[in-house]
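Participant: Okay, here's the prediction I keep looking at, along with the sequence it came from:
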Amino acid sequence: FSTTSLAASWTYSDEESGVAGFVWSATRASNGDVVVPPTWLGGDDRAVAEGLSLVHGEAYDIELTVCNKALQCSTDTATVTVDTTAPSAGALFIGEYATATIDALCA
């Protein structure tokens, strides 16, 4: 995960009047500090913000507002936590775990 960029993509539709466009933004979840100001994206179905200073372990709220051509809007929020560390070591098994022998498990 990057500490210098945020990316999001989505899919929305409106069968009655069609989608007019999207606005996205991002804030730090703990205090509401603006990371990406509200930005009009038109009909784009993805966005990327670069040059950010995100903090490992910190949660960020990505907010997307979609409006239809009748000017009815709805907003969704997704929270992502920055994680720059690799997973801890686990175990690698040769063959299926359920049929692995004790020798293979302890080797």
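Facilitator: On my side now, so go ahead. From a predicted model like this one, the values you see are computed outputs, not experimental measurements.

Participant: make it CA atoms for all contacts and neighbour counts henceforth
Facilitator: Noted.

Participant: neighbouring contacts of stretch 77-84?
Facilitator: 1-3, 29, 54-64 (Cα atoms under 8 Å, 6 or more residues apart in numbering).

Participant: Equivalent analysis for stretch 40-48, please.
Facilitator: By Cα under 8 Å, 6+ apart, the list of residues contacting stretch 40-48 reads 5-11, 19-24.

Participant: In strands, which of these appear?
Facilitator: Secondary structure assignment by DSSP state E places 5-9, 19-24 of these in strands.

Participant: What about the contacts of stretch 77-84, which one has the most neighbours?
Facilitator: Tyr60 (25 neighbours; other Cα atoms under 10 Å).

Participant: Just to be sure, that one is in a helix?
Facilitator: No: under DSSP: H, G, I helix; E, B strand; the rest coil, Tyr60 falls outside any helix and is assigned strand.

Participant: so who does it touch?
Facilitator: Tyr60 neighbours (Cα under 8 Å, 6+ apart): 26-30, 79-82.

Participant: Drop anything exposed from the contacts of stretch 40-48.
Facilitator: By neighbour count, with 16 or more other Cα atoms under 10 Å, the contacts of stretch 40-48 hold 6, 19-24 as buried.

Participant: just these now: which is nearest Ala49?
Facilitator: Leu6 (5.3 Å; Cα to Cα).

Participant: what pLDDT does the closest one get?
Facilitator: Reported pLDDT at Leu6 in the predicted model: 95.

Participant: cool, and Ser30?
Facilitator: 96.

Participant: before we move on, what about the one 10 residues further on?
Facilitator: We note a pLDDT of 97 for Trp40 in this prediction.

Participant: my guess is Gly21 meets Ala70, correct?
Facilitator: No: the pair Gly21 and Ala70 does not pass the contact test of Cα atoms under 8 Å, sitting 11.4 Å apart.

Participant: Include distance to Glu96 when you put the contacts of stretch 40-48 into TSV, please.
Facilitator: TSV is the format used below for those (distance: Cα to Cα, whole Å):
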residue	distance to Glu96
Ser5	39
Leu6	38
Ala7	36
Ala8	36
Ser9	36
Trp10	37
Thr11	38
Val19	48
Ala20	51
Gly21	49
Phe22	46
Val23	47
Trp24	45
